[in-house]
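Undergrad: structural data only, the sequence is not supplied:
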Ligand code: AMP
């Protein structure tokens, strides 16, 4: 039985205006995750694209990137690398500070779990300016990984994250686009 179309998936994403601040249209995946068929179709569509890319691990960005990234890694039979928020890992880490669409943040990685030269696919729920995914790619590269692709459920094209990623040598892939910020 064919899964849901990307149009049907798009309709499962809830838009919350002015969160977390005025002018931001928050694209909330809670409603997509809660829909069994929608969740399955999201992972199916990500896996259809990812399978051709030849990655040896999937890295997900805390927290929403963990949900899609882990499911995708499991589907592809690959290991999962958590790119964590600051202060969560109990071992020595490498870290990257980056600017967000609203605010700033830090990602951390245990570099010992990356094999030299291995191909790692970055996953997050949403691509806005690209700052988060580029910070993740930088961290993985500093640990010795090759990062050539990043996958998202949602892209916000007006924020030009796709071009920022391409400029950083990373090809972006997204299941759907939303207008606005
Ligand atoms: P950026 O670094 O600008 O590409 O922002 C991407 C990160 O911020 C992702 O982890 C998203 O989950 C979150 N994010 C940014 N903008 C939005 C938005 N409009 N709706 C939901 N999440 C967002």
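TA: Right, received. Where do you want to start? This structure is a prediction, so every number in the text was calculated from the model and none was measured. Numbers count the residues shown, from 1 in each chain.

Undergrad: and residue 176, that one's in a helix?
TA: No - read with DSSP: H, G, I helix; E, B strand; the rest coil, residue 176 is strand and lies in no helix.

Undergrad: gap between it and residue 11?
TA: Counting by C-beta to C-beta, to the nearest Å, the gap from residue 176 to residue 11 is 10 Å. Just so you know, the C-beta spots here come from the backbone N, C-alpha and C atoms, and that holds for glycine as well.

Undergrad: got the residues of the chain near the ligand?
TA: Listed as neighbours of the ligand in the chain under the rule C-beta under 6 Å from any ligand atom: 24-27, 61, 64, 100-101, 124-132, 161.

Undergrad: among those, which ones are buried?
TA: Listed as buried from the residues of the chain next to the ligand are 24, 27, 61, 64, 101, 124-132, 161; burial here means 16 or more other C-beta atoms under 10 Å.

Undergrad: buried set for stretch 26-44?
TA: Under the neighbour-count criterion of 16+ other C-beta under 10 Å, stretch 26-44 has 27, 28, 29, 32, 33, 35, 38, 39, 41, 42, 43 buried.

Undergrad: from those, which land in helices?
TA: The members of these that map onto helices under DSSP state H are 32, 33, 38, 39, 41, 42, 43.

Undergrad: verify the stated contact: the fifth one with residue 9.
TA: Yes - in this structure residue 41 lies within contact range of residue 9 using C-beta atoms under 8 Å: 5.9 Å.

Undergrad: low-confidence regions, this structure specifically.
TA: 1-2, 101-102 (pLDDT under 70).

Undergrad: strands of that one, start to end?
TA: Ranges of strands within the chain are 14-17, 25-28, 57-61, 79-85, 94-100, 103-109, 120-127, 149-155, 171-177, based on DSSP state E.

Undergrad: residue 122 bridge partners, please.
TA: residue 59, residue 150 (DSSP bridges).

Undergrad: roughly how far does it sit from the ligand?
TA: Separation of residue 122 from the ligand (C-beta to the nearest ligand atom, to the nearest Å): 11 Å.

Undergrad: just residue 81 next, same as before
TA: 16 Å.

Undergrad: burial of that residue, as a residue count?
TA: Close neighbours of residue 81, defined as other C-beta atoms under 10 Å, add up to 26.
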